[in-house]
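Peer 1: fold the following.
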Amino acid sequence: MTSKSPESSDRESHDIATWWPSLLANPTADIRDALYDRIPLTDDDLALIATPQYQRLDRIQQLGFVSRIWPGAKHTRFEHSLGVMHLARHAALLLSRQPGAGWITLDDVRTVSAAALLHDVGHYPFSHAIEELGSPIRPHEEVGRHLIESGPLADVLATRDLDLARIASLIHGDRDALSPQDRLLVQILSGTLDVDKLDYLPRDARACHVPYGGVDTSRLLASLRIAQVDGDHRIVVGSKGVSPLHSLINARQEMFDNVYWHHTNRTCMVMLLRAVQEAILHRAFAPDELWRLDDATLLDRLRGPGMPIESRTLADALYHRAFHKRAVEVSNRATELYGRLGNLWFDPRARRTVELQLTSALSDRLGRPITDTAILIDIPKPERWKTDVWVVYDRPPVGMQSPMHWRDVAGLSDDDFKRYEEHRRLIRIVTEPGIRDVVAAEWESLLYPLLGGVF
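Peer 2: Numbers count the residues shown, from 1 in each chain. As a prediction, this is how the structure comes out:
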């Protein structure tokens, strides 16, 4: 870390120490929040929130189609981003009080807060489904960086004397190119302990009214420390943070298992994905139009004139709740089939080819036409379970040391979580309701001849 004079560090520590109580007592505005009750806002926050790019997030549901299953889950990326900003600010302030953290300035806190507030500003409608199409769809972090570096957001950041290039790099950039200070600060926003997860897991669980997603957020934040690990400064947890960290990891598994990978949600997502794919392939709209839309406007566009019949058929079905139905579920115990189908996640065009071949084969077998989108293959994204967290002790128990990797403290490894994910992640063939039974009965003779010709 860059060294500073004692006078400079003392002055900046004092600025931070007085700034937070002052903000709590005299915020520019307050927002009442379902999780944190009260989120105080600064002039910086209000200026960014007022931009059209941020306001769009109020029209994008955090969980996409999950509200079709749990009607209460209509919370948006707008409120989630406010929550992430609130937690990021807390984390930075708490870390600034740690020994050796005198280099954290009020400007750092403002920068991390702005990056947290804007971390989802480039998000596409309906959660993450559209990004599964891959190229030419850009990752939402890349879109966010573009929005931050140009247009109204860039103007606001410049007016507020905030470094837009630094903020953009914290959201989407090469970590190795960051300064030592920012390599540490970015860990607040992205990683096993990031405030994104600390907000969305409890928020999603609360909105769905499910008994999963519980995390002792305040205790976990209070346990954050800064320590040198392998010659680099890292955000670590004290011994009191081991249990809350475990609850965070468990919450993530349970929410994927029960909510994010719920079969109806996944079915809706793959229907949307194919509708967007057809619209792009038929050049009904350009990929870069997508991040300008929200949930309602995207569905309206897909249902409107000028769209291919495939897009309109699927979008109408989504609008009228005429969802496809599960015909076949494939687990990882069917090793070869699971692997071959799973590979299609990395090649959406190949997946579309198999879907079209399936409908053609079934049409020939039944002797009647079937719509090209009657059979779809749902392949959830392979999740990365990485718990690269270190634990520090004031007085390590006999046989332990400080710092010590969390897997050695907890006796759990990334492979344990990966195996659980692989067993719970199902690949599904979903169909229009009228052909569900015949596909369920004859899928082997329909599918197996096709897979050998694709790989």
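Peer 1: ignoring the adjacent residues along the chain, who's closest to Pro40?
Peer 2: Excluding the flanking residues, the one nearest Pro40 by CB to CB, 6 or more residues apart in numbering is Pro27, at 3.5 Å. Every residue, glycine included, has its C-beta placed from N, CA and C.
Peer 1: what is the burial count for the one you found?
Peer 2: Pro27 has 17 neighbours, counted by other CB atoms under 10 Å.
Peer 1: kindly report the same for Gly342.
Peer 2: Gly342, neighbours per other CB under 10 Å, totals 17.
Peer 1: contacts only, for it.
Peer 2: The contact partners of Gly342, taken as CB atoms under 8 Å, 6 or more residues apart in numbering, are 379, 382, 427.
Peer 1: and the least confident of those residues?
Peer 2: Lowest pLDDT within the contacts of Gly342 is found at Pro382 (84).
Peer 1: on the three-state scheme, that one is what?
Peer 2: Recorded secondary structure, Pro382: coil (DSSP: H, G, I helix; E, B strand; the rest coil).
Peer 1: surely it and Asn343 touch.
Peer 2: No - counting by CB atoms under 8 Å, Pro382 sits too far from Asn343 to count as a contact (10.6 Å).
Peer 1: just to revisit the earlier point, mark which of the contacts of Gly342 are buried, thanks.
Peer 2: Buried members of these, scored by 16 or more other CB atoms under 10 Å, are 379, 427.
Peer 1: and which of the contacts of Gly342 is nearest Asp300?
Peer 2: Distance to Asp300 across these (CB to CB) is lowest for Ile379, with 27.4 Å.
Peer 1: do you know how far the residue nearest to that closest one when sequence neighbours are not counted is from Gly134?
Peer 2: Closest residue in space to Ile379, ignoring its immediate chain neighbours: Trp345 at 4.3 Å, by CB to CB, 6+ apart. Separation of Trp345 from Gly134 (CB to CB, to the nearest Å): 9 Å.
Peer 1: and Thr373, by the same measure?
Peer 2: With CB to CB as the criterion, Thr373 and Gly134 are 19 Å apart.
Peer 1: kindly report the same for Leu290.
Peer 2: Taken as CB to CB, the span from Leu290 to Gly134 is 13 Å.
Peer 1: before we move on, which element is Ser311 in?
Peer 2: For Ser311, the host element (DSSP states H and E) is helix 309-319.
Peer 1: and that helix, what does it pack against?
Peer 2: If you count contacts as 3 or more CB pairs under 8 Å, 6 or more residues apart in numbering; DSSP states H and E, helix 309-319 packs onto helix 263-281, helix 295-303.
Peer 1: out of those helices, nearest to Arg175?
Peer 2: helix 263-281 (29.7 Å).
Peer 1: ok, and for the closest one, which residues are buried?
Peer 2: 263-280.
Peer 1: could you give the angle of it to helix 309-319?
Peer 2: Relative orientation of helix 263-281 and helix 309-319, computed by axes from the mean of the first three to the mean of the last three CA atoms, to 10 degrees: 150 degrees.
Peer 1: same question for helix 263-281, mean pLDDT?
Peer 2: Averaging pLDDT along helix 263-281 gives 97.
Peer 1: how about stretch 390-401?
Peer 2: 90.
Peer 1: now the end-to-end length of it.
Peer 2: Distance across stretch 390-401, first residue to last, is 11 Å (CA to CA, to the nearest Å).
Peer 1: what's in contact with it?
Peer 2: 225, 227, 229, 234, 236-239, 241-242, 402-406, 408-409.
Peer 1: 7 Å instead?
Peer 2: 225, 227, 229, 234, 236-239, 242, 402-406, 409 (CB atoms under 7 Å, 6 or more residues apart in numbering).
Peer 1: show me those residues that map onto strands.
Peer 2: 225, 227, 229, 234, 236-238, 404-405 (DSSP state E).
Peer 1: got a quick PyMOL command for the buried subset of those?
Peer 2: Burial among these is assessed by 16+ other CB under 10 Å; the matching PyMOL selection reads:
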select buried, resi 225+227+234+236+237+238+404
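Peer 1: tabulate the ones in strands among the contacts of stretch 390-401 (a markdown table), appending pLDDT and distance to Arg89.
Peer 2: Shown next, in a markdown table, are these (pLDDT from 0 to 100; distance: CB to CB, whole Å):
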| residue | pLDDT | distance to Arg89 |
| --- | --- | --- |
| Arg225 | 93 | 18 |
| Ala227 | 91 | 22 |
| Val229 | 88 | 25 |
| Arg234 | 90 | 20 |
| Val236 | 94 | 20 |
| Val237 | 94 | 19 |
| Gly238 | 94 | 20 |
| Met404 | 91 | 29 |
| His405 | 90 | 28 |
